[in-house]
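S.K.: sequence first, then the predicted structure, then my questions.
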Amino acid sequence: MPHQLDPDLDHDDNKQYNGEPTDDLDNIELPAVPHHDIAAKMGRIIDYMAGEEMDLPNFLYYLSWNLQLNTDDAKIRYARTLLMHTDMLASILEKWYWPPRKHGEAIRTKAARMTMERWADENVRMRMNREMRLLKPLVLSPPEELSEESLLNVKLSRLTANYQRVAPLTWSLLHAALSTPLQLQRNTYKNHAPSIVAIISMLSFGRSHHRCKFQKFMSIYFTSCGLSAKANNTTHMLGVTMSQKWKYIGLEKLAQAKRNTMQRDLHEHVKEFTTSYDNLNVRFNKIEQHVDNQSVFESGCAATVYVLECQDIPLPDAQSYQEQWRRECNHPITAFEILELDSKASERLFAFNKWRVLNILLNSPQFDRTKYSHEDDTCFSRPLPIRQLPTGKAHVRMQYLLDTAHIEEVSLEGNDRCVAEWERQLGLGTDTAKKRMSHKKLFFWLGDQLTVSHLRSLQNIRAQDLNWWHRMEHIVALFGWLHAQIAQEDSIHKQHLTTGIGGLKHAFDLLKCKGLHFMSVQGNFHQKVCNAYHHILEAHILDVWEVVGGVDHLAKLREKSPEVLVSLAEGIVENYASTFAYQKEKQRNTAQQDHVFMNQILLNRDLLDYVNLDNAMHTGDVGRMIDLLPRLLFRYHGGSNWKYVIEMLELFQGLLREWPEDLREFILRYCWLANTNNGKAFLAFDMLQEHNIRDIKSIFMVYGPYATWEYIQKISAAIPTLRKVKDHVEADFNHFSRGKSHSSPDKEKDITQLQAAYKLSQVHIYTPKQQLDSSRRAKDFVALGSNIVKLQATIGRWSEKRLVSRAATEIWEDPEVVEGGDQRASETNSSMTIL
């Protein structure tokens, strides 16, 4: 190993003494001395040193820069440099610290171990102290400073690199303490960096509470995970988090920052937005109950504002909407128009159903697509979306949670108070602000069927109010697609639950699906039913493939060409999953009908429509959702779901009559589905609202004495930040190796079990005279609901009830909000009543 110069030495200490100064010490070598002469020579040297009144300790002391004359002497300087840069120095120090033991004498020579350990301890402490001082700029963060940007800027990789660079000795010692040398050799995946970062951050925090960047970050993360106040006190004592008091103040700061950002986006940057709200129920438990301290179960309301970051179509004009509404509100849609829309959409929906049937076969383990020689044939390509919403991070919605209100939303009065509260929080609580916004902007309120129906009722009740705003003409109420899908699930459940073999109850019993025999809207029931419907459909379609293909195992279908498989898929949709197939069977002589087979045709058709809608919502194909609207209306109408019949008719009336082109485009683009998951998927707005309600009352719920409506209201706006911090930590600290959510059980066993039962029962093979009583025969809700006479009668009754006289005045109670200060100016030519 070549000798290296010490950059801390003086320039003169790096010169070789040979008459000519030189910086090259690479060729310096100690003279080779025979081992048998070493002792004699050392003895003579020691004797000579004694004659000069010099012993070895004094010699080394004066050699080591402790006398100025020795520092200036070239010969001494050269000898000292030689000693400092020789490879033998490490061996010399090692022997001083751990000398050889004399065998047989039971004596361990201490040598300089204690002195060297004391010296090393002092120097390590000195270096670590210097490194901790150098860490100050990296961890300094005054406790009162807190923002979403500063929290998300804390990254493990950056902390690791900075700590290793600024505190290498501290990092090295901690790394050595965390693993033995043998563990380091065996370890192939364990990473000590997070532990070392946490320890160094805790050490630095112990020096000053201002060095708390890591602690603030972890406090907010643990809060998002539901850490209790008592546990937070423990982690604060250990130096991992900030105090509980700081946490409460910090959450309020984050919430206020979100409110300020929302106000800037809505008023300064004038970004377009939509809003959703829904009811939530919270239980406040009291451990020790008294007359004035009882556990209660109360209702409140939560709202979310979705801001459009990327808007590539013009805003709808409020004035043109009101004018078209007045022209078209007396011209309701007709049943013939709806039937015509369904007829035009049938071919496009047939293509998606055919692809779905093919895809179920190709993705089944029994078929094993990888062994099929034509697996990439263009015949198997997915149909192009009918109308695809834009995707990508630029189109992801920014969410702002409004302050949760202690207002029960289930009544008309409650909705009236809710709307007033949300408008106040949006900065529209005064007549001046409302007048300034009058006739300029439409507000899109999204919610479940109850919320939307209450908003329309309020518009009717206020139809004779003095001005445009108080008549709520600025509000466009739209139902959420999640609840429309739940209504479809409920209709299918009611239609096919008790149809015997091949029906839903039969499948639920086979799969031991508990709790699915009765419809519910609580918890994750929707997800359970959705998964069950997908599995049942796949099992039915796979059984039909064996029947149509004439095989006893799906693997034998690999022998057929892509064109043949496509033709078989078309036959499956036409003959085993369509209204045409059901009507053909129904035309048979009553005694020859196979009711079990007819039930399966209806179930396959209805589940294909359900899966089609579910897929369209997740992929953002609003064109396909529009094509499915007539079938949804027929289903709700035939199944007597009158509430959603009204919602469908209101939607058709808007799409075909009352909405101008710009408003219709805006609603389809921005008011049905929201881009989520970094722009890769879509969710209905009411689904996002349900997620936010879950976060408020479960994931980020406040417990203990601070669990009051007032405090929940204070921190609600901070929930998006808590969610971002939680996701950031789980991604940055590699939590996804374990998984962000629970793993899904293998669905193939369920599908295989169902398919075997259907095959054994031959439910997809026509068997004459296989009769069922009327209670076990499925009703065709779609056919019943598409009866043009009954549908037109329903439209007539709906149209009569929705028409109310609506004023057109513009009178404001505050004279200051009327331009020119003349109250009467707003009344001129505005007192007409429009029907």
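M.R.: Good, I have the coordinates. Numbers count the residues shown, from 1 in each chain.
S.K.: got a list of contacts for stretch 531-544?
M.R.: By C-beta atoms under 8 Å, 6 or more residues apart in numbering, the list of residues contacting stretch 531-544 from outside reads 357, 360-361, 364, 366, 489, 492, 502, 504, 507-508, 511, 513, 516, 554, 572, 576-577, 600, 603-604, 607-608, 610-611, 614, 747, 750-752, 754-755, 758-759, 763-764. Quick note: C-beta positions are derived from backbone N, CA and C, even for glycine.
S.K.: swap the cut-off to 6 Å and go again
M.R.: Contacts of stretch 531-544 from elsewhere in the structure, counted by C-beta atoms under 6 Å, 6 or more residues apart in numbering, are 357, 360, 364, 507, 513, 572, 576, 604, 607, 610-611, 747, 750-751, 754-755, 758-759, 764.
S.K.: might you list the low-confidence residue ranges for the protein?
M.R.: Applying pLDDT under 70 to the chain flags residues 1-36, 102-108, 188-189, 287, 310-312, 438-439, 678-679, 703-706, 734-745, 813-835.
S.K.: grab the most central residue of it for me.
M.R.: The chain has Asn677 as the residue nearest its centroid, 6.1 Å off, counting by C-alpha atoms, centre = their mean.
S.K.: contacts only, for that one.
M.R.: Contact partners of Asn677, counting by C-beta under 6 Å, 6+ apart, are absent.
S.K.: re earlier: buried ones among the contacts of stretch 531-544?
M.R.: Among those, those buried by neighbour count (16 or more other C-beta atoms under 10 Å) are 357, 360, 364, 507, 513, 572, 576, 604, 607, 610-611, 750-751, 754-755, 758-759, 764.
S.K.: helices of the stretch 701-835 of the chain, start to end?
M.R.: Using DSSP state H, counting those that start in this stretch, the helices of the stretch 701-835 of the chain run over 709-715, 719-732, 747-761, 781-785, 788-802.
S.K.: ignore what I typed, I meant the stretch 101-250 of the chain.
M.R.: Taking DSSP H, counting those that start in this stretch as the criterion, the stretch 101-250 of the chain carries its helices at 113-134, 136-139, 148-152, 156-166, 168-178, 181-186, 193-207, 213-224, 229-237, 244-263.
S.K.: convert the first one to CSV, retaining C-alpha atoms only.
M.R.: What that stands for is helix 113-134. This file holds the C-alpha atoms of helix 113-134, laid out as CSV (Å, rounded to 0.1, in the frame of the first residue of the first chain):
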residue,chain,number,x,y,z
ARG,A,113,-4.9,-0.4,26.3
MET,A,114,-6.4,1.8,29.0
THR,A,115,-4.7,4.9,27.8
MET,A,116,-5.6,4.3,24.2
GLU,A,117,-9.2,3.6,25.1
ARG,A,118,-9.4,6.7,27.2
TRP,A,119,-7.9,8.7,24.3
ALA,A,120,-10.1,7.1,21.7
ASP,A,121,-13.2,7.7,23.9
GLU,A,122,-12.4,11.4,24.2
ASN,A,123,-11.7,11.8,20.5
VAL,A,124,-14.8,9.9,19.4
ARG,A,125,-16.9,12.0,21.7
MET,A,126,-15.2,15.1,20.3
ARG,A,127,-15.8,14.1,16.7
MET,A,128,-19.4,13.1,17.3
ASN,A,129,-20.0,16.4,19.1
ARG,A,130,-18.7,18.2,16.0
GLU,A,131,-20.8,16.1,13.7
MET,A,132,-24.0,16.8,15.8
ARG,A,133,-23.2,20.5,15.5
LEU,A,134,-22.9,20.2,11.7
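S.K.: shift numbering so it begins at 53
M.R.: Renumbered: residue one is now 53, and that last one reads helix 165-186.
S.K.: out of the helices of the stretch 753-887 of the chain, the one nearest Leu208 is which?
M.R.: Closest to Leu208 of those is helix 771-784 (C-beta to C-beta; 5.0 Å).
S.K.: and Ala529, that one's in a strand?
M.R.: Yes: per DSSP: H, G, I helix; E, B strand; the rest coil, Ala529 lies within a strand segment.
S.K.: what's around it, how many residues?
M.R.: Per other C-beta atoms under 10 Å, the neighbour tally for Ala529 reads 21.
S.K.: equivalent analysis for the one 10 residues further on, please.
M.R.: Using other C-beta under 10 Å, the number of residues around Ala539 comes to 22.
S.K.: I figured it hits Tyr696, correct?
M.R.: Yes: at 4.8 Å, Ala539 counts as touching Tyr696 under the criterion of C-beta atoms under 6 Å.
S.K.: what lies in contact with the host helix or strand of Ala472?
M.R.: Element membership of Ala472 [criterion: DSSP states H and E] is helix 464-477. Outside of helix 464-477, the residues that reach it under the criterion C-beta under 6 Å, 6+ apart are 353, 355, 454, 457, 459-461, 506, 509-510.
S.K.: now swap in stretch 644-663 and tell me
M.R.: Contact partners of stretch 644-663, identified using C-beta under 6 Å, 6+ apart, comprise 405, 540, 544, 548, 551, 553-554, 585, 589, 592, 628-630, 633-634, 637, 683, 815-816, 818-820, 822-824, 829-830.
S.K.: mind listing what's buried in it?
M.R.: The neighbour-count check on stretch 644-663 (16+ other C-beta under 10 Å) flags 645-663 as buried.
S.K.: equivalent analysis for stretch 374-384, please.
M.R.: Within stretch 374-384, the residues that qualify as buried by neighbour count (16+ other C-beta under 10 Å) are 374, 376-377, 380-381, 384.
S.K.: can you map out the strands along this structure?
M.R.: Read by DSSP state E, the chain holds these strands, from start to end of the chain: 325-336, 348-359, 450-453, 495-499, 527-531, 725-728, 733-736, 858-859, 885-886.
S.K.: which other helices and strands contact the fourth one?
M.R.: Translated: strand 495-499. Packing contacts for strand 495-499, counted by 3 or more C-beta pairs under 6 Å, 6 or more residues apart in numbering; DSSP states H and E, involve strand 325-336, strand 527-531.
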